[in-house]
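Chemist: predicted model and sequence follow; I will ask about them next.
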Amino acid sequence: MARPKFKPTDDHRRLVESMAASRIPPDKIAAVLGIDRTTLRKFFPRELDTSPIKATARVRQTHFEMAISGRCPAATFFWLKTRAGWRERNEPGRGRHGFTELSGVDMAALDKKLMRLLTREPASSLDLIQGQSEAASESPGEGEDEGEGSGFDLGPQRQK
């Protein structure tokens, strides 16, 4: 007797979407559903193709929110290093971990500049997902020198 025709349900779609978002291989997803890999691809192409992209976008958005919240300095510094071109310099005369010692520096002014950078809105969610945030491409404003004395190298476009 012939096998009954597979009829996908909303529960099947949610399951495939969740498993595909976690990068579980299609043959494993098909095994959980009790269908062939070809059948999986036939009935769930959108879920298989878009779920990993959506998952990455959600994680990126969460990381961005952590970076601008001020409650997670590691996320803030990661964002600045990867998106704003900051990097640590390991030069003689630098303090611990290659950072400039901050004695005599107006910490309130530094905090104000950092918060101004972190609170800039991205051009759109699509730009954020693609990693092309407006904040990463803007140059410092008039009279600002975000790199001087910070222990970070802002890259060739921002060095004086």
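Modeler: In hand now; what should we look at? All values derive from a computational prediction rather than experimental measurement.
Chemist: please make it C-alpha for all contacts and neighbour counts, starting now.
Modeler: OK.
Chemist: in stretch 10-21, which residues are buried?
Modeler: Across stretch 10-21, burial judged by 16 or more other Cα atoms under 10 Å covers 13, 15-21.
Chemist: tell me the mean pLDDT over that stretch?
Modeler: Mean pLDDT, stretch 10-21: 96.
Chemist: follow-up on the earlier one: can you redo the buried residues of stretch 10-21 as CSV with distance to Trp86 and secondary structure?
Modeler: Listed next are the buried residues of stretch 10-21 as CSV, based on distance: Cα to Cα, whole Å; DSSP: H, G, I helix; E, B strand; the rest coil:
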residue, distance to Trp86, secondary structure
Arg13, 42, helix
Leu15, 41, helix
Val16, 40, helix
Glu17, 37, helix
Ser18, 35, helix
Met19, 36, helix
Ala20, 34, helix
Ala21, 31, helix
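Chemist: can you list the domains in the protein?
Modeler: 9-55, 70-160 (automatic domain parsing).
Chemist: which of those domains has the lowest average pLDDT?
Modeler: Checking each of those, the one with the poorest mean pLDDT is domain 70-160, at a mean of 62.
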